[in-house]
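> next one to model:
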Amino acid sequence: MSERDIRIGDAEREHALELLGTHLGEGRLSMDEYGDRSARIATAKTRGDLYALFSDLPAPRPRFTQVEPPPSGSAVSARRGFPLEFRVSSAAVTAVAIISVALFFLAKTPLVFLLIPAAMLLIGRMGRR
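Below you'll find the predicted structure:
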């Protein structure tokens, strides 16, 4: 994958809009051009999309940090990017919530929802060991 194909997020879009505003303020863009380019920035998905919008403008231009692949053998999931401990505790919290709702319908009392804070405390203590 090339550097231009890397996806961007809201922070990069906001930074690009600020830079575009600088060019508008310095008279390099008309209001129509600014409106068109700012709309395209809002829908940009990759670094290349942003680079194209600044190709005919001098500095300042969007700059991005170098992206490095995660080290091999790390505890980070390639699928989601969250540590294993976080995924296990998230699954436990979800299971407690589902069990509480099921118990509510079986017992027909809202008191079963008092189990949620107690279960969260137990799960939190198990994760700290």
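
> may I see the buried residues of stretch 32-45?
Within stretch 32-45, the residues scored as buried using 16 or more other C-beta atoms under 10 Å are 34, 37, 38, 41, 44. Yep, even glycine has a C-beta here, placed from its N, CA and C like the rest.

> ah, wrong one, I meant stretch 47-63
Neighbour-count burial for stretch 47-63, counted by 16+ other C-beta under 10 Å, picks out 47, 49, 50, 51, 53, 54, 57, 62.

> just give me the longest helix of this protein.
helix 84-107 (DSSP state H).

> what mean pLDDT would you report for it?
On average, the pLDDT along helix 84-107 is 73.

> just checking, what packs against that helix?
helix 115-127 (3 or more C-beta pairs under 8 Å, 6 or more residues apart in numbering; DSSP states H and E).

> ok, residue 66 to residue 47 distance?
12 Å (C-beta to C-beta, to the nearest Å).

> can you list the low-confidence ranges for this protein?
Applying pLDDT under 70 to the chain flags the ranges 67-82, 84-89, 93, 112-113, 115-116, 119-121, 123-129.
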